[in-house]
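[1] sequence? don't have it. structure:
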């Protein structure tokens, strides 16, 4: 487990709760990511998993199911509703996430990127893809806004059938990580605090011309 993840709060089963996941009545929801949390994290250059800084010179990573990979490669970019993370944090996520565990694993959430996906399979292969640039866009007026992430410029792609194939890459990445200071982590247990952060984020994005890197 990356040192960045070790200090995260845990659910009753002992699984780390990523910074992008919501909490309801004091209980974490690991089945879905919260876009407002992810947007607020990325507006401060933070990893969606651990909440620590991603240096500007590092690639920004996300996991992709089989049906998502082809369009990303063809266009060298994509739009998503989940925020990027550190390479090591995303590799660890692939190793512990039930959806990326096996080709027949079904999605449990209702929709992804605006599409109905409940029950859709991961597919024979999946991939960890790193990008040069990720920016957050917010369009529209307050109360009627559309926001998304744009991932641009593929720098690395690690495809896999079984997540254990990524284990050597994780071990190599762990050797390069610095020990974090817990006080530097950005994390919200309370939804109202996360919502206030999102409101500040949208204001910042609109001031910068609808996008922030």
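    Received the coordinates, thanks. None of these values were measured; they are calculated from a predicted model.
[2] pLDDT score assigned to residue 119?
    Looking at residue 119, its pLDDT stands at 58.
[3] Use 52 as the first number for this chain going forward.
    Got it, the first residue is 52 from now on, which makes the last one we talked about residue 170.
[4] just checking, what packs against the helix ranked longest in the chain?
    Using DSSP state H, we find that the single longest helix of the chain is helix 242-258. Applying 3 or more CB pairs under 8 Å, 6 or more residues apart in numbering; DSSP states H and E, one finds that helix 242-258 makes contact with helix 86-94, strand 177-192, strand 195-211, strand 262-263. Using the backbone N, CA and C atoms, a C-beta is placed for each residue, glycine as well.
[5] most tightly surrounded among the ones you listed?
    Highest mean neighbour count of the helices and strands packed on helix 242-258: helix 86-94, a mean of 25 (counted as mean count of other CB atoms under 10 Å).
[6] Against which helices or strands is that helix packed?
    On a contact count with 3+ CB pairs under 8 Å, 6+ apart, helix 86-94 meets strand 177-192, strand 195-211, helix 242-258.
[7] Out of these, name the one with the poorest average pLDDT.
    Of all the helices and strands packed on helix 86-94, the minimum mean pLDDT falls on helix 242-258 (a mean of 83).
[8] about what we covered before: who wins for proximity to residue 52 among the helices and strands packed on helix 242-258?
    Between residue 52 and these, the tightest spacing by CB to CB is seen for strand 177-192, at 16.8 Å.
[9] That closest one - which strands sit beside it in the sheet, and in what orientation?
    Using DSSP bridges, strand 177-192 pairs in its sheet with strand 111-115 (antiparallel), strand 195-211 (antiparallel), strand 262-263 (antiparallel).
[10] how big is the angle separating the second one from helix 86-94?
    If you take axes from the mean of the first three to the mean of the last three CA atoms, to 10 degrees, strand 195-211 sits at 70 degrees to helix 86-94.
[11] Moving C-terminal from strand 195-211, which element do we reach first?
    helix 218-225 (DSSP states H and E).
[12] buried set for that next one?
    220, 221, 224 (16 or more other CB atoms under 10 Å).
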